[in-house]
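A.B. asks: sharing a model prediction with you, sequence too.
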Amino acid sequence: MFVRAYLRASTKSQDATRAKGQLEAFAAERNITIAAFYTENESGASLQRPALFELIADATVGDILLIEQVDRLSRLNEADWSKLKRALNEKHIKVVALDLPTSWMMTTTDETTARMFDAINSMMLDMLAAIARKDYTTRRERAAQGVQKAKAAGKYQGRVEDTERNALIQRHLKAGQSSWNEILKLVGCSRGTVAKQAALLKATA
């Protein structure tokens, strides 16, 4: 059994490694070793997360996926959450979250105890994932309402387009020599931004 830690932040401006020390301290207290860290800056509301799926691909049956909070793993809608759970269950990956105490027993080598808590943990994961999704959608709705209010008051200026960045992304896409993941690293943007520029290129082709 290997422990694989997953660290995620939503944007490039956020520090995805912020919780690394907390995960290391949690592991040290339980005399377990984190075999690898998988870090990325992607939205938890999207399944397009290369580092997370790299972790799943690397994992062997019974490995532990260690996270700071359940929302680091998922702010997904119900359909995408089911897909992610299916990928985890295929390898019997155990999710352990610092904000989910019922999951802590999954680190034990006592098979009977681990199996007993597995059912409880699965139910709690579903509940917290649903709460994380609700929080995500509520914040987006409030942000949209704020924009509408600002527009009505004539105070909304909108986001200034980074034309230089977008031109660079389009040049890489046109050249066809770099993958999307490579463009993300080179330019320092989100996958959604690359997708938008790819769609614009296709529309003008």
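C.D. replies: Yep, that arrived. Residues are numbered from 1 along each chain as shown.
A.B. asks: need the residue closest to the centroid of the chain.
C.D. replies: Most central residue of the chain, judged by C-alpha distance to the mean C-alpha position with Cα atoms, centre = their mean, is residue 44 at 3.9 Å.
A.B. asks: check which element follows the helix or strand of the chain with the lowest mean pLDDT along the chain.
C.D. replies: When the helices and strands of the chain are scored by mean pLDDT, DSSP states H and E, helix 111-152 comes last with a mean of 76. For helix 111-152, the following helix or strand on the C-terminal side (DSSP states H and E) is helix 163-175.
A.B. asks: show me what counts as buried in the helix or strand just after that next one.
C.D. replies: Going down the chain from helix 163-175, the next helix or strand is helix 180-187, by DSSP H and E. By neighbour count on 16 or more other Cβ atoms under 10 Å, the buried set for helix 180-187 is 180, 183-184, 187. C-beta: built from backbone N, CA, C; applies to glycine.
A.B. asks: what of stretch 42-61?
C.D. replies: 42-45, 47, 49, 51-52, 55-56, 59.
A.B. asks: how about stretch 3-18?
C.D. replies: 3-10, 16.
A.B. asks: so of the residues you listed, which ones are in strands?
C.D. replies: Among those, the members falling in strands (DSSP state E) are 3-9.
A.B. asks: format those residues as JSON lines; extra columns: distance to residue 172 and pLDDT.
C.D. replies: What follows is these, written out as JSON lines (distance: Cβ to Cβ, whole Å; pLDDT from 0 to 100):
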{"residue": "3", "distance to residue 172": "36", "pLDDT": "96"}
{"residue": "4", "distance to residue 172": "31", "pLDDT": "97"}
{"residue": "5", "distance to residue 172": "31", "pLDDT": "97"}
{"residue": "6", "distance to residue 172": "28", "pLDDT": "97"}
{"residue": "7", "distance to residue 172": "26", "pLDDT": "96"}
{"residue": "8", "distance to residue 172": "24", "pLDDT": "94"}
{"residue": "9", "distance to residue 172": "23", "pLDDT": "91"}
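A.B. asks: about what we covered before: farthest-separated two in the buried residues of helix 180-187?
C.D. replies: 180 and 187 (10.5 Å; Cβ to Cβ).
A.B. asks: what touches both of those two?
C.D. replies: residue 194 (Cβ atoms under 8 Å, 6 or more residues apart in numbering).
A.B. asks: domains of the chain?
C.D. replies: 3-133, 163-204 (automatic domain parsing).
A.B. asks: start and end of the longest one, how far apart?
C.D. replies: For domain 3-133, the first and last residues are 26 Å from each other (Cα to Cα, to the nearest Å).
A.B. asks: and it, how far out from the chain middle?
C.D. replies: Centroid separation for domain 3-133 versus its chain: 10 Å, with Cα atoms, centre = their mean, to the nearest Å.
A.B. asks: same question, the last one
C.D. replies: Mean C-alpha position of domain 163-204 versus that of the full chain (Cα atoms, centre = their mean) differs by 21 Å.
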